[in-house]
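1. This is a predicted model, with the sequence first.
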There are 2 protein chains.
Amino acid sequence: MTIKEFAKILNISAATVSKALNDSHEISATTKARVIALANELNFQPNPHASSLRKNKNKTIAVVIPEISNNFFSKAIDGIESIAQEKGYHTLIYLTHENYKKEVGVLKHLLNGRVDGVLASMSLETADYTYYNELLDKNLPLVLFDRISDQVETAKVCTDDYHAGFIGTKHLLDTGCKKISFLAFSEFAYSCLRRKEGYIDALKAYNIDFDESLVVNCTYDMVSNFSLLNNILKKRKKVDGIFSSAENLAILTYQICSELAIQIPKEIRLVSFSNMQLASFMSPSLTTITQPAFEMGKEAALTLFKIIDKPRTNYKDVFIEMKSNLFIRNSTKRY
Amino acid sequence: MTIKEFAKILNISAATVSKALNDSHEISATTKARVIALANELNFQPNPHASSLRKNKNKTIAVVIPEISNNFFSKAIDGIESIAQEKGYHTLIYLTHENYKKEVGVLKHLLNGRVDGVLASMSLETADYTYYNELLDKNLPLVLFDRISDQVETAKVCTDDYHAGFIGTKHLLDTGCKKISFLAFSEFAYSCLRRKEGYIDALKAYNIDFDESLVVNCTYDMVSNFSLLNNILKKRKKVDGIFSSAENLAILTYQICSELAIQIPKEIRLVSFSNMQLASFMSPSLTTITQPAFEMGKEAALTLFKIIDKPRTNYKDVFIEMKSNLFIRNSTKRY
DNA sequence: CTGTTAGCGCTTTCAG
DNA sequence: CTGAAAGCGCTAACAG
């Protein structure tokens, strides 16, 4: 049913109906009530494409993320979607699978006006930020979260990774570790670099010299990560603690330790970023750093909607850092 | 830039450009090439809203699911999105949080033509299927996956839950369990009922009588689940095996067993549905049944696109069941 | 093979 | 406060 047909039933004009549905101030309360009552009864909704075309607005945002089979990102989406639903917005999802080409394809596409705003988390491959800046040039509201870059001047929301790196390492030191290896999921990702800085400063605070050879620079390729880690663990170098900057690297560590018959946490203590509840409950041997993923999603979405609602303001200096939690098994709270 | 302005640059008509971009057969190869070359150069894309309005098609599908912070659904989305991206479609996500009202709100909204098709997994609360049938009445392609119902006559894709229930229980029996409790995540969900049937038939195959009192009917409320499970485990009843139909119930089991000082798997063996890789690697004590979530997402999306492409066909008898895998720690393959 | 034209359904002036 | 009319940008039918 079109708005015209709908209007005919009430013997008023299409324009009036449109205004009533959009809660325009130039429509009387009585008319509004009549329109809304009938709209509810018939479940009438104006054609969204016609409306989008006319208003050049869409009530839709895009979420561009590297992957979703990862509790951090899926929880972030949960937060984003909940805010979007509250605001009457729709949420498009695009996965880049850490692939720069795919990311560029998505970003290019989003320039066409399909969405009112973009929430993005960069892929590990991304080193050229032209396309993000192009969104900004075209005044498309953009908020970066988690995988951010200072090469893009827009609002950013992320974990306080320095803090997380610090407290995780401190925990290992407090439990007696002397030689702690740092597993980096990327050599370049901002969040990983910050975690490493926290790690280094925690060592410093305990008067331990930072040893570059204890840093394992992993990549997205789990096969080569396997060799890298295997090497370090085989030689041992008296490593008695591991700080893993990503969940999948912790899994790998478990695997390799099991193959090498190294006992966690007896011989090597492990702290890892992980957003899986299961992990902390089932694995007393693993201490996890849990990011506020859901809250970050919410925060990022709220920030995006602020920009959408007030497009002329400058949001490039908005930088929100959120604290992570350290979960040690014994102190873990129940459901 | 509009298609008109774009056409002017090439000194051809807007209609020609439109046809060229849509790869119409009535446009010469040379013209097509010229148009596409310039479109790439300028990254020109026709306004999608105008196009959607005119064609009454949108290149967008909706995914309606109960939750996302759950490896099953997030992997399913991964599969769905990968097929959608391949087909040049966009993917809208709606989370119902197991809330029937939210689900209805979303479904009602989707009647307005915003999307070309819907993939849905029902919430646990859903008992009235009117709104799903309304989508079908309006000829909106619909595929149900995982949380399905035979009250809705459309294509369905799900796990072979009977089989999974059978092999999981069989594993417990094979390892010597005599008294196996079944943790149902819902008393009504089709998939859970099928899992239970598999469980019962496996018991039968081992000449063990099915004991209704060993079934724990859990709900979405984890607090009441805690009491239910706690009761059963406290009394023990010589339960020596637990089949958990959902991951979160396995977590709960771990918690409670740890509080009651019951050792898993020494005193009680545990098999649970779980799609987390972490689970199998870190918890040798847990045997998992892994659903083909990614593949199911793909399959569901492919089915949906078939319906979208051939809307007049009847798809109500399409019913695809996919096999789960049993992962026992020692036989788990590495990355 | 290319161009002209009408109209998809809505919203937004502007006139009453 | 309500209505008439123009037009958002595209595509499909039709004419050439």
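-> Arrived safely, thanks for sending. Residues are numbered from 1 along each chain as shown, chains lettered A, B, ... in the order given.
2. Chain A: helices as residue ranges?
-> A:3-10, A:14-21, A:29-42, A:48-55, A:71-86, A:100-110, A:130-137, A:161-174, A:190-205, A:222-235, A:247-259, A:277-282, A:293-309 (DSSP state H).
3. Quick one: name the residues of the stretch 51-200 of chain A near chain B.
-> By CB under 8 Å from any CB of the partner chain, the residues of the stretch 51-200 of chain A that approach chain B are A:52-53, A:56, A:58, A:60, A:67-71, A:73-75, A:77-78, A:81-82, A:85, A:90-95, A:102, A:108-109, A:111-114. C-betas here are computed from N, CA, C, even on glycine.
4. What is the neighbour count of residue A:294?
-> Residues contacting residue A:294 under the criterion other CB atoms under 10 Å in any protein chain shown number 19.
5. ok, back up a step: tell me which of the helices of chain A lies nearest to residue A:271.
-> Of all those, it is helix A:161-174 that lies closest to residue A:271, at 4.5 Å by CB to CB.
6. the domain parsing of chain A - what is it?
-> A:3-46, A:55-158+A:293-321, A:161-292+A:326-332 (automatic domain parsing).
7. would a markdown table of those with mean pLDDT be doable?
-> A markdown table is the format used below for the domains of chain A (pLDDT from 0 to 100):
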| stretch | mean pLDDT |
| --- | --- |
| domain A:3-46 | 93 |
| domain A:55-158+A:293-321 | 94 |
| domain A:161-292+A:326-332 | 88 |
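8. mind checking which of those is nearest DNA strand C?
-> The minimum distance between DNA strand C and those falls on domain A:3-46, with 3.0 Å, by CB to the nearest atom of the strand.
9. is it true that residue A:239 touches residue A:179?
-> Yes - using CB atoms under 8 Å, residue A:239 is in contact with residue A:179, at 5.2 Å.
10. if we can go back for a sec, got a PyMOL select line for the buried ones in the residues of the stretch 51-200 of chain A next to chain B?
-> In PyMOL, this line selects whichever of those come out buried by 16 or more other CB atoms under 10 Å in any protein chain shown:
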select buried, chain A and resi 52+53+58+60+67+68+69+70+71+73+74+75+77+78+81+82+85+90+91+92+93+94+95+102+109+111+112+113+114
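11. quick revisit: what do residue A:239 and residue A:179 both touch?
-> Common neighbours of residue A:239 and residue A:179 (criterion: CB atoms under 8 Å, 6 or more residues apart in numbering or on different chains): residue A:214.
12. For chain A, which residues are neighbours of DNA strand C?
-> Contact residues, chain A versus DNA strand C (CB under 7 Å from any atom of the strand): A:2-4, A:14-15, A:18-19, A:21-22, A:46-47, A:50-51, A:53-55.
13. related to what we said a few turns ago, TSV for the helices of chain A, including distance to residue B:165?
-> Listed next are the helices of chain A as TSV, based on distance: least, CB to CB, whole Å:
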stretch	distance to residue B:165
helix A:3-10	50
helix A:14-21	49
helix A:29-42	43
helix A:48-55	43
helix A:71-86	26
helix A:100-110	38
helix A:130-137	48
helix A:161-174	40
helix A:190-205	41
helix A:222-235	32
helix A:247-259	27
helix A:277-282	21
helix A:293-309	32
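14. Any of the residues of chain A next to DNA strand C buried? List them.
-> Among these, those buried by neighbour count (16+ other CB under 10 Å) are A:3, A:18-19, A:21, A:46-47, A:50-51, A:53.
15. Please list all residues in contact with the closest residue to DNA strand D within the stretch 201-335 of chain A.
-> DNA strand D sits closest to residue A:311 of the stretch 201-335 of chain A, with a gap of 17.3 Å, by CB to the nearest atom of the strand. Contacts for residue A:311 (CB under 8 Å, 6+ apart) come out as A:139, A:141.
16. One more: residue A:275?
-> By CB under 8 Å, 6+ apart, the residues touching residue A:275 are A:70-72, A:75, A:247, A:290-291, A:293.
17. Nearest spatial neighbour of it, chain-adjacent residues omitted?
-> residue A:71 (3.7 Å; CB to CB, 6 or more residues apart in numbering or on different chains).
18. Just give me the closest of the contacts of residue A:275 to residue B:135.
-> Nearest to residue B:135, judged by CB to CB, of the contacts of residue A:275 is residue A:75 at 28.9 Å.
19. Give me the nearest residue to the closest one, chain neighbours excluded.
-> residue A:293 is the one closest to residue A:75 (CB to CB, 6+ apart), at 3.5 Å.
20. Thought residue A:68 was touching that neighbour, still the case?
-> No - contact status for residue A:293 versus residue A:68: not in contact, 11.9 Å apart, counting by CB under 8 Å.
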